[in-house]
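# sequence first, predicted model second:
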Amino acid sequence: MERVYNFSPGPSILPLPVLKKASAEMLDAYGSGQSIMEMSHRSKDFKPVIEGAENLLRSLLGIPEEYTVLFLQGGASLQFSMVPINLAGTESGSGQKKAAFVDTGVWAGKAIDEAKKYVDVRVLASSKDKNYSYIPAAPAPEKDDVYYHICLNNTIVGTKWHTLPPVGDVPLVADVSSCILSEPLDVSRFGLLYAGAQKNLGPAGCTVVIIRKDLITQAPSWTPTMLRYDIHAKEKSLYNTPPCWSIYIIYLVLQWISETGGLEAMGERNRKKAGILYDALEKSSLFYSPVEKASRSLMNIPFVIREKDEAKKKTIEEKFLKEAAENGMINLAGHRLVGGLRASIYNAMPLEGVDKLVSFIEKFEKKV
Ligand SMILES: *Cc1c(COP(=O)(O)O)cnc(C)c1O
């Protein structure tokens, strides 16, 4: 069967050269006579994989020395708990310390709800008034805010912070699950970054955390050991068995990014891809982007049908999804909470995939 163009928001498309390399090494990784999946995570064969992944991530993103890189499990969702517990948790367990948040949609909202169990959450701004179709103006934090949390790229609504909020000395914490490595990022502006792997890094199962070392302090004594950054940092992500296979694929993805020109080149390709799709939506008589221009994501591009009658709209959407799939373009439905359509065009989506989608859109709207 021919490979499809997969516009899924996650788990999502992986670079073809990575899949080919992984399949070639499936039975015998690095001449060890075994698969990565069968190896001890403490073996001499796996050590270069986890260390190689960390080193390459450090060099691609320019991660300064004073940051620790962790390969954890539990998805980005577990970071919604680990961040408040480790950075602002108290022995009495309830929110005595304050933290600032900006509400830009579902994932930012989940981070807020989870943090409320441990800290005194202050929501500084929200774009809920317009269905999260923009990034709100972000006020400065207060001096006693322990950290300031944002979701840098909002996967479901397709918005992105193009300028960071004015946090001063308060550590900025960002969920970068759906935009990590899509373009250069100045890590030194953040206290902590986290990303579930299954959007832009590799397969599900691993979460990358990049944390400034001074923020790794002892969590409250009630904290489950597996949720403590200090333990994972001390054990170099090998406190228990890490997601070895996922880390290995991340390593291959990082090599692929490096071989294709690094993050500058990646950013250029992503701006070009997104530009082509946004232009097509701008010209379209049938579809439009519901997102304010200044807040648009490079990775997740929702689009909506210009039709007031909900039933008619639904019928056109279904026809679009069906015909797109017949033409080898899958997973173009919007998130179940917001509906509509959405193309996720992560790093691994080639330009040809976007070109094909754009010509399909042009043909489709002529027929409808
Ligand atoms: C997908 C996603 C999540 C959830 O990730 P899990 O790894 O499934 O927990 C959180 N934040 C953002 C921005 C996402 O895109």
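The structure has been received and is ready for your questions. Numbers count the residues shown, from 1 in each chain.

# which neighbouring elements make contact with the lengthiest helix in the chain?
In the chain, assigned by DSSP state H, the helix with the most residues is helix 262-283. Counting contacts by 3 or more CB pairs under 8 Å, 6 or more residues apart in numbering; DSSP states H and E, helix 262-283 packs against helix 47-61, strand 287-288, strand 300-305, helix 351-367. To be clear about C-beta, it is placed using only N, CA and C from the backbone, and glycine gets the same treatment.

# to the ligand, which of these lies closest?
Nearest to the ligand, of all those, is strand 300-305, at 8.1 Å by CB to the nearest ligand atom.

# tilt between that closest one and helix 351-367?
Orientation check (axes from the mean of the first three to the mean of the last three CA atoms, to 10 degrees): strand 300-305 against helix 351-367 gives 10 degrees.

# contacts for the next helix or strand after strand 300-305?
Note on strand 300-305: by DSSP states H and E, the next helix or strand toward the C-terminus is helix 310-326. By CB atoms under 8 Å, 6 or more residues apart in numbering, the residues outside helix 310-326 that reach it are 286, 305, 307, 330, 332-333, 339-341, 357, 360, 364, 368.

# what lines up beside the helix or strand following helix 310-326 in the sheet?
Once the chain leaves helix 310-326, the next helix or strand it forms, by DSSP H and E, is strand 329-330. Strand 329-330 sits in its sheet next to strand 5-6 (parallel), going by DSSP bridges.

# so for the longest helix of the chain, mean pLDDT?
For helix 262-283, mean pLDDT is 98.

# distance from that helix to the middle of the chain?
Here helix 262-283 is found 17 Å from its chain centre; the criterion is CA atoms, centre = their mean, to the nearest Å.

# list the buried residues of that helix.
Using 16 or more other CB atoms under 10 Å as the test for burial, helix 262-283 gives 263, 266-267, 269-270, 273-274, 276-278, 280-281.

# what residues does the protein have near the ligand?
Within the chain, the residues that sit near the ligand (CB under 6 Å from any ligand atom) are 10, 75-77, 107, 151, 155, 175, 177-178, 196, 199.

# again, only using 5 Å
Within the chain, the positions near the ligand by CB under 5 Å from any ligand atom are 75-77, 107, 155, 175, 177-178, 196.

# can you list which of those residues are found in helices?
Among those, the members falling in helices (DSSP H) are 75-77, 107.

# most neighbours among those, which one?
Within these, most neighbours by other CB atoms under 10 Å means residue 76, with 25 neighbours.

# nearest spatial neighbour of it, skipping sequence neighbours?
The shortest distance from residue 76 to any non-neighbouring residue, by CB to CB, 6 or more residues apart in numbering, is to residue 196 (3.8 Å).

# with residue 96 instead?
Closest residue in space to residue 96, ignoring its immediate chain neighbours: residue 90 at 4.8 Å, by CB to CB, 6+ apart.

# so the one you found, which of the three states?
What DSSP: H, G, I helix; E, B strand; the rest coil gives for residue 90 is coil.
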